[in-house]
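Engineer: Next input, structure requested:
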Amino acid sequence: MATAVETLGKLERRLTITFPVADVRSEVEKRLKKQAKTAKAPGFRPGKVPLKMVAAQYGYQIESDVLNDKVGRAFNDAANENQLRVAGFPKIEPKEDAPEGMLAFDATFEVYPDVVIGDLANVDIETVSADVTDAEIDKTIDILRKQRVHYHTKGEAGEHGTGGEAVAANGDRVTVDFVGKIDGEEFAGGKAENYAFVLGEGRMLPEFEAATVGLKVGESKTFPLPFPEDYHGKDVAGKTAEFTITLNKLEWAHMPEVDAEFARSLGIEDGSIEKMREDIKTNLQREVNARIKARNKEAVMDALVKATDMEVPKAMIQQDSERLAEMTRQDMMQRGMDVKAMPFPAEMFADKAERRVRLGLILSQLVSDNNLQATQEQVKAQIEDFSQSYEDPKEVLKYYYSDRRRLAEVEALVLEENVVNYVLGKAKVGTKAIAFDELMGGNVQG
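Structural biologist: Numbers count the residues shown, from 1 in each chain. As a prediction, this is how the structure comes out:
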């Protein structure tokens, strides 16, 4: 049985669980006899071990299991009887002043808060929009051309001049030997032969690139190079080295022309430039729509957090913090990082966990109150939308419908979209047009 529930705080509660010692002893004896039927011990046949020996070997664990079972069952019965929605796990401690012949435990726990969402009609939400113009298509084509760049020796007969006049310039690929010394001594990582890089891409320190610009094949140059204080190589950070570089090879970048051959390299079978631009625009628009949807969803979530005043159970925040810490650890391990010596205190993730838990409670309430659950038709439409960017859409459908967990992920996305659409339909919404580059360069929280 349990006493009346005590209120310790806005969400914290306590109740006392009591039950007769005799009930525990009876259940322990029952389980010991069951254990004895299969117990083994030297000198005894299976099932013939004396009960006292069985009790000596298994009694402590069986008694602990019985207590846990009885306390857990009693707590669940008391919570149901008092119509309590328990958040997280209770902290259960034995009471020393139990009545004679009884065992007593205090269970301290939190309950779910009442989620009262403010009037959405009074909520202001600013959404964003962005267009895909010819300028964005042209930029994308330039990126695709750079990805397919190939190099020719600079200075060969033709528009790039003669060999004697060819000098290194930004955009050229150079191949060099170099050696660096600090106080006259070579240092680790300061020497290489036939090292290739493209001038202007920032792979080398600015002083190194500046010294290379203007060199002809076969020429050398010696120059000072100060390493930044925050340079990744700690042995040389903040020091000045003397480098000598020799230019071995010089090549100019030849980007493919935007012609039928280029279009075919992008999968346009008939080589149509117009069709290629249409495909690029379609892909860009799909990405823009996804970014806009993510930005607008975040705006809705921020508005819901502001519109809802409630306490969040600490136990749920702690559980989610630990979950996020473990997810981060696993992710870093999969990336090949050694995380054994890395601390992952749950407190690092407390703020993010608090927001996730808060939003989870708000969304659950909205979905329940307004019947916003994902329908099978919506889920199928979402998966079909995913499949449009793949060569074989049927395989994408099979991928999701063959695994319940993958399907659940899509259902969660659809449910969130239902909430977003519902809130946007109720709130005061304004839309701000933003530049394509701003949209694509911005970071959106998940």
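
Engineer: Around the residue lying closest to residue 333 once chain neighbours are set aside, how many other residues sit close by?
Structural biologist: In space, and not counting its chain neighbours, residue 333 is closest to residue 339: 5.6 Å by CB to CB, 6 or more residues apart in numbering. Using the backbone N, CA and C atoms, a C-beta is placed for each residue, glycine as well. For residue 339, the count of nearby residues is 14 (other CB atoms under 10 Å).

Engineer: need the contact list for residue 339.
Structural biologist: Neighbouring residues of residue 339 by CB atoms under 8 Å, 6 or more residues apart in numbering: 329, 332, 333.

Engineer: my guess is residue 182 meets residue 239, correct?
Structural biologist: Yes - contact criterion CB atoms under 8 Å: residue 182 and residue 239 qualify, at 5.5 Å.

Engineer: about what we covered before: dump the contacts of residue 339 into TSV; add secondary structure, neighbour count and distance to residue 23 as well.
Structural biologist: Output for the contacts of residue 339, formatted as TSV (DSSP: H, G, I helix; E, B strand; the rest coil; neighbours: other CB atoms under 10 Å; distance: CB to CB, whole Å):
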residue	secondary structure	neighbour count	distance to residue 23
329	helix	15	43
332	helix	14	49
333	helix	12	47
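
Engineer: from those residues, which is closest to residue 262?
Structural biologist: residue 332 (39.9 Å; CB to CB).

Engineer: quick one, what contacts the closest one?
Structural biologist: By CB under 8 Å, 6+ apart, residue 332 lies in contact with 339, 342.

Engineer: Please repeat the previous calculation with a cut-off of 6 Å.
Structural biologist: residue 339 (CB atoms under 6 Å, 6 or more residues apart in numbering).

Engineer: What's the per-residue pLDDT of it here?
Structural biologist: Looking at residue 332, its pLDDT is 89.

Engineer: Strands along this protein, start to end?
Structural biologist: For the chain, applying DSSP state E gives strands covering 6-7, 12-20, 86-94, 102-111, 124-129, 150-153, 173-182, 185-198, 220-226, 240-254, 428-433.

Engineer: got CSV for the ones you listed, with distance to residue 416 and mean neighbour count too?
Structural biologist: Below are these laid out as CSV (distance: least, CB to CB, whole Å; neighbours: other CB atoms under 10 Å):
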stretch, distance to residue 416, mean neighbour count
strand 6-7, 34, 11
strand 12-20, 31, 18
strand 86-94, 22, 15
strand 102-111, 26, 19
strand 124-129, 15, 15
strand 150-153, 45, 12
strand 173-182, 47, 19
strand 185-198, 43, 13
strand 220-226, 51, 14
strand 240-254, 45, 17
strand 428-433, 17, 11
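
Engineer: I'd like to know how far the closest residue to residue 204 other than its chain neighbours sits from residue 173.
Structural biologist: Excluding its sequence neighbours, the residue lying closest to residue 204 (CB to CB, 6+ apart) is residue 197, at 5.9 Å. Plainly put, residue 197 is 7 Å away from residue 173 if you go by CB to CB, to the nearest Å.

Engineer: try residue 21
Structural biologist: 84 Å.

Engineer: Can you mark which positions in stretch 23-35 are buried?
Structural biologist: 24, 27, 28, 31, 32, 35 (16 or more other CB atoms under 10 Å).

Engineer: pLDDT (mean, whole number) over stretch 169-181?
Structural biologist: For stretch 169-181, the mean confidence score works out to 95.

Engineer: what does stretch 365-379 give?
Structural biologist: 94.

Engineer: Can you measure across that stretch, start residue to end residue?
Structural biologist: End-to-end distance for stretch 365-379: 21 Å, by CA to CA, to the nearest Å.

Engineer: what comes into contact with it?
Structural biologist: Counting by CB under 6 Å, 6+ apart, 115, 410, 411, 414, 415, 418, 419, 422 sit against stretch 365-379.

Engineer: just how off-centre is that stretch within its chain?
Structural biologist: Distance of stretch 365-379 from its chain centroid, counting by CA atoms, centre = their mean, to the nearest Å, is 25 Å.

Engineer: What separation do you get for the residue nearest to residue 204 and residue 397?
Structural biologist: Separation of residue 197 from residue 397 (CB to CB): 45 Å.

Engineer: Residue 48 now?
Structural biologist: For residue 48 relative to residue 397 (CB to CB), the value is 61 Å.

Engineer: Looking at these two, which has the bigger crowd around it?
Structural biologist: residue 397 (15 against 12).

Engineer: dump the residue contacts of the closest residue to the more buried one other than its chain neighbours.
Structural biologist: Leaving aside its chain neighbours, residue 397 sits nearest to residue 383 (5.8 Å; criterion: CB to CB, 6+ apart). Applying CB under 6 Å, 6+ apart, we find residue 383 in contact with 397, 400, 410.

Engineer: Low-confidence stretches in the stretch 1-150 of the chain?
Structural biologist: Along the stretch 1-150 of the chain, segments meeting pLDDT under 70 span 1-3.

Engineer: rerun at 50
Structural biologist: For the stretch 1-150 of the chain, applying pLDDT under 50 flags no range at all.

Engineer: Can you list the buried residues in the longest helix seen in the chain?
Structural biologist: Longest helix of the chain, by residue count under DSSP state H: helix 273-307. Within helix 273-307, the residues that count as buried by 16+ other CB under 10 Å are 276-277, 279-281, 284, 288, 291-293, 295-297, 299-301, 303-304, 307.

Engineer: Residue 229 and residue 242, how far apart?
Structural biologist: In terms of CB to CB, residue 229 sits 19 Å off from residue 242.

Engineer: Oh, that last question was meant for residue 177, not what I typed.
Structural biologist: Counting by CB to CB, the separation of residue 177 from residue 242 is 15 Å.

Engineer: re the thing from before, narrow the contacts of residue 383 to those in helices?
Structural biologist: 397, 400, 410.

Engineer: of all the residues you listed, which comes closest to residue 355?
Structural biologist: Nearest to residue 355 among the ones in helices among the contacts of residue 383, counting by CB to CB, is residue 410 at 23.0 Å.
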